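Engineer: A structural model of the following input is requested.
(one chain, ligands or ions: 1)
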Amino acid sequence: MAFDWEEFLDPYVQTVGELKIKLRGVRKQYLKKGLYSPIEFVTGRVKRRDSIMKKSRMRGYTRDTLAEMEDIAGIRIMVQFSEDVWDVLDLLRKRQDIKIVEERDYINHQKASGYRSYHVIVEYPIDTIEGHKVVNAEIQIRTLAMNFWATIEHSLNYKYDGLIPEKVKTRLSNAAREAAQMDLEMSSIREEIQDAQLLFDGPQARTDLK
Ligand code: 0O2
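Structural biologist: Numbers count the residues shown, from 1 in each chain. Predicted coordinates:
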């Protein structure tokens, strides 16, 4: 019988939708109180079918074990400063609605590609008309600079099917170093920037809180 992708992916669509709303809500709560939000913005995606199949082939997943793949539901939390990554992590650790089952620190342990991000694998409970279900999701926490680099590198990897030419790789590696340097520089004037943003962007000035 043909595999029913839509039925398989539905719980992941629901998970991504619910987590996006909840984590965007956290930002709103900070801003409403006139506080600095460690969360800048949140995105989410359900892994594409071709990407799921490629990973299945590489890692030996079968139809029966496919639900063990941890990043079918993916949430990305962007932050302004490196320090915010650890604050967001604390927020996640305190939540009652997710259970953290694994953490991968690619910030202190940058990947060979130059990739930096903090990955948290969580179990998230959903309720559907079929009953209760626990779904795996991967939450990536990264600064705007880390996100800029990773987005560009991801498209190049796609374009070259994982075989980025050496010349381009060297450029990417240089860019990764500079992105890390930018995070350091921004952190060094963090308080100054935050004060300015609270003045400029206080609750009364915001329309996205209504
Ligand atoms: P998609 O569907 O295109 O978003 P894994 O290989 O997944 O078992 P790994 O490599 O330690 O284990 O990474 P992890 O924690 O599972 O996360 C995989 C996802 O992390 C990737 O999704 C990317 O979003 C991101 N990622 C990991 N390494 C890199 C990297 O070197 N460059 C970039 N740009 N992103 C990376 P996919 O696989 O791209 O899936």
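
Engineer: surely Val88 meets Phe41?
Structural biologist: No: the pair formed by Val88 and Phe41 falls short of the contact definition of C-beta atoms under 8 Å, at 11.9 Å. For glycine as for every other residue, the C-beta is placed from the backbone atoms N, C-alpha and C.

Engineer: these two: which is more packed in?
Structural biologist: Val88 (23 against 14; other C-beta atoms under 10 Å).

Engineer: what's the pLDDT at that one?
Structural biologist: What the model reports as pLDDT for Val88 is 98.

Engineer: show me what contacts it?
Structural biologist: Shown in contact with Val88 (C-beta atoms under 8 Å, 6 or more residues apart in numbering): Pro38, Ile39, Ile77, Val79, Ile141.

Engineer: could you look up the SS state of the spatially most central residue of the chain?
Structural biologist: Centroid-nearest residue in the chain, with C-alpha atoms, centre = their mean: Arg76, separated by 2.0 Å. Of the three states, Arg76 takes strand under DSSP: H, G, I helix; E, B strand; the rest coil.

Engineer: beta partners of it?
Structural biologist: On the basis of DSSP bridges, Arg76 is bridged to Thr43, Gln140.

Engineer: quick one: it and Arg177, what's the gap?
Structural biologist: 22 Å (C-beta to C-beta, to the nearest Å).

Engineer: go on, Thr143?
Structural biologist: On the measure of C-beta to C-beta, Thr143 and Arg177 end up 15 Å apart.

Engineer: out of those two, which sits in the busier spot?
Structural biologist: Each of Thr143 and Arg177 has its neighbours counted (other C-beta under 10 Å); Thr143 has more, 26 against 13.

Engineer: wait, doesn't the more buried one sit right on Asp183?
Structural biologist: Yes: if you go by C-beta under 8 Å, Thr143 and Asp183 touch, sitting 5.3 Å apart.

Engineer: need the overlap of contacts for these two.
Structural biologist: Phe81, Ser82.

Engineer: low-scoring stretches of the chain, by residue?
Structural biologist: Applying pLDDT under 70 to the chain picks out residues 202-210.

Engineer: now the strands: where do they sit in it?
Structural biologist: For the chain, the strands defined by DSSP state E occupy 41-46, 73-79, 99-105, 118-128, 131-143.

Engineer: buried stuff in the last one?
Structural biologist: Yep, that's strand 131-143 we're talking about. Val135, Asn136, Ala137, Glu138, Ile139, Gln140, Ile141, Arg142, Thr143 (16 or more other C-beta atoms under 10 Å).
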